[in-house]
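**Q** next one to model:
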Amino acid sequence: MNPRNLLWWASLALAAACGSSAAPRPPTPPTLTDVVLPSAAVPSPMNHTPSPESAPKPPTAPWLTSPPGALQATHSFMTGERAAPFHVVQYGDSHSAAGYFTREARRLFGGKWPTEPGFLTVGYPSTWDGKVKLGGRWRKDNWLRTKADGPFGPLGIAYTTQDPKARMTLHWEASDSATRCFRVTVYYSADDSSLPFEVLVEGRPAVRSERMAENRAPGNLGTLRVEIPAGVTNAELAVDCRAGCSRGGTLRIFGFLVELLEPAVGWDTMAVGGTTIDHPRRRGDEAIEAYLAQREPDLLVVWYGSNSAVDQHFDPDRYRARFDELLTRLRAASPKAECLVLAPPDLNRWTDATCFLDKAERRAAQRARKSAADRKLLKSRKPERVCSPDALVSAGPRGRLYPVAEVRSAEAWEAYKRTCVLRTLTTVPEIVRIQREVAQSHVCAYFDVYAFMGGPESIQRWACAEPRLAMFDLVHLTAAGYRAVAGELYRSIMSLESP
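**A** As a prediction, the model looks like this:
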């Protein structure tokens with residue numbers, strides 16, 4: 001039998017195996033895990049140590065600004081008035097890419113509806129219920145690499161190979177996997193020089209890219225779909241040159257969409273650490289629009305701001321225009337979706353970059369290219385620098401030894417602590433103000449993460465809380481911190497009055 005016919009019959013067999021799927025479960029209120037949030041009181045520079053409260057912060061402040069009807073369908077789904085499917089596409093930076101926020105939000109929003117992994121690629125999201133691994137020689141390109149050429153696909157990351165033995169393996173987790181069937185869609189660059197590939201399920205070929213070459217969206221976004229039988233939670237992609245490959249041909253893979261073949265909740269995390277609104281705006285190709293048109297999300301979430309806040313050339317007028325341009329583009333590509341924008345978290349910097357650094361640490365900090373030993377040294381005493389500088393003082397044979405050479409007495413140490421403090425970058429509240437205004441003009445809801453955390457200098461209190469809610473880099477949150485943000489967002493939307 002012709003090999004192509006074998007592939008075709010294998011595909012039909014897999015589809016038949018997925019003919020019966022588990023009945024959807026009605027949504028019930030999810031379990032909320034409360035965390036003890038730190039006090040909003042500004043810490044005293046004398047002791048430099050924030051103290052947490054004994055109870056969670058009540059949602060008394062208006063963290064969520066929602067124009068009338070902006071989240072009507074989302075609220076209806078969360079309260080059980082509307083059934084699944086419910087799909088979310090979220091664009092953002094490292095706060096989203098970590099996966100902690102999106103995974104908790106998916107759990108809370110979905111209630112007892114089953115969840116699906118959604119969009120996956122190698123390393124993204126970093127903490128998720130699905131993983132992609134590489135085999136053979138691949139090159140990674142993304143929006144951040146200025147010398148890299150596109151297309152970059154809907155996420156902004158592409159893996160390219162010319163290796164005839166290159167492979168990708170895809171694995172995902174699923175509850176009740178024995179009774180649930182999935183569909184996997186491969187997204188790739190379907191130009192004329194693309195190397196052919198096949199998708200294997202349980203080691204057997206299921207479908208080949210040549211048979212589906214007509215499935216091209218704008219920007220040559222190719223799609224290849226295969227249904228996965230119940231009990232199987234993995235698949236493999238392999239370059240297939242058995243029938244010949246064009247000389248100099250390449251295969252460019254953008255990622256995989258893993259969907260349940262039953263009503264479910266999906267949350268696609270389209271986020272890359274280090275990105276700003278300029279990356280999808282300036283370097284994003286037509287694959288963004290093509291993907292959103294195919295996915296038809298119910299809710300579009302946008303979470304950017306931290307990387308723009310540290311830009312020394314930040315221009316508020318330019319940022320406003322570019323943020324407006326980004327929302328315009330995303331809204332036009334998904335006209336049926338509701339829209340939610342999240343503010344960046346608080347972000348702190350020392351009044352002096354050398355605060356609480358000893359001589360060795362200062363030398364390491366001043367090096368343009370830091371070695372692994374430099375980074376380890378600068379990281380070793382961060383908890384004390386941020387939360388308890390007095391712990392840096394040690395006892396010597398002739399009295400106390402202070403970490404900075406210019407301090408030699410208790411009085412000088414207290415004076416030094418008053419001058420060496422953490423401050424919120426002025427760009428953070430400015431970005432929050434601009435985003436809120438632009439979001440409102442696009443009828444998008446706005447969740448103020450910065451205000452929820454406590455405003456200025458709040459990330460220090462989060463970093464020193466127990467359990468710790470922020471990292472000592474004073475930029476990112478911990479897993480518990482991101483879950484706290486997702487929990488408060490859930491409460492805020494649930495508290496909206498039904499129209």
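
**Q** contacts for the host helix or strand of Val438, please.
**A** Using DSSP states H and E, Val438 maps to helix 427-441. With CB atoms under 8 Å, 6 or more residues apart in numbering as the test, helix 427-441 has contacts from 65, 67, 305, 308-311, 314, 316, 319-320, 323-324, 327, 339, 341, 343-344, 346-347, 445-446, 448, 450-451, 455-456. (C-beta placed from N, C-alpha, C; glycine too.)

**Q** list the buried ones in it?
**A** Neighbour counts over helix 427-441 (16 or more other CB atoms under 10 Å) mark Thr427, Val428, Pro429, Ile431, Val432, Ile434, Gln435, Arg436, Val438, Ala439, Gln440 as buried.

**Q** endpoints of stretch 127-139, how far apart?
**A** 22 Å (CA to CA, to the nearest Å).

**Q** circling back to that earlier point, TSV please, covering the buried residues of helix 427-441 and showing pLDDT and distance to Ala174.
**A** What follows is the buried residues of helix 427-441, written out as TSV (pLDDT from 0 to 100; distance: CB to CB, whole Å):
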residue	pLDDT	distance to Ala174
Thr427	98	42
Val428	98	39
Pro429	98	42
Ile431	98	38
Val432	98	38
Ile434	98	41
Gln435	98	36
Arg436	98	38
Val438	98	38
Ala439	98	35
Gln440	97	39
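
**Q** looking at the residues you listed, which is nearest Asp191?
**A** Val438 (35.5 Å; CB to CB).

**Q** ok, back up a step: distance from the helix holding Val438 to the middle of the chain?
**A** 20 Å (CA atoms, centre = their mean, to the nearest Å).

**Q** ok, the helix or strand following that helix: who's next to it in the sheet?
**A** Heading C-terminal from helix 427-441, the first helix or strand you meet, by DSSP H and E, is strand 445-447. Sheet pairing of strand 445-447 (DSSP bridges) gives strand 64-65 (antiparallel), strand 338-342 (parallel).

**Q** quick check: which of these is nearest to Arg362?
**A** Across those, closest to Arg362 is strand 338-342 (CB to CB), at 36.4 Å.

**Q** quick one on the thing from earlier: list buried residues within the contacts of helix 427-441.
**A** By 16+ other CB under 10 Å, these give 65, 305, 308-309, 319-320, 323-324, 327, 339, 341, 343-344, 346-347, 445-446, 448, 450-451, 455-456 as buried.

**Q** among those residues, which are in strands?
**A** Thr65, Cys339, Val341, Ala445, Tyr446 (DSSP state E).

**Q** tell me the confidence at Val42?
**A** The model reports Val42 with a pLDDT of 36.

**Q** er, Arg283 I mean
**A** 85.

**Q** which of the buried residues of helix 427-441 lies closest to Tyr402?
**A** Nearest to Tyr402 among those is Val428, at 31.7 Å by CB to CB.

**Q** buried residues in stretch 118-130?
**A** Here stretch 118-130 shows Gly118, Phe119, Leu120, Thr121, Val122, Gly123, Tyr124, Pro125, Trp128, Asp129, Gly130 as buried, counting by 16+ other CB under 10 Å.

**Q** my bad, stretch 414-431
**A** Using 16+ other CB under 10 Å as the test for burial, stretch 414-431 gives Tyr416, Lys417, Cys420, Val421, Leu422, Thr424, Leu425, Thr427, Val428, Pro429, Ile431.

**Q** quick check: longest strand of this protein.
**A** Taking DSSP E as the assignment, the strand of the chain that covers the most residues is strand 251-260.
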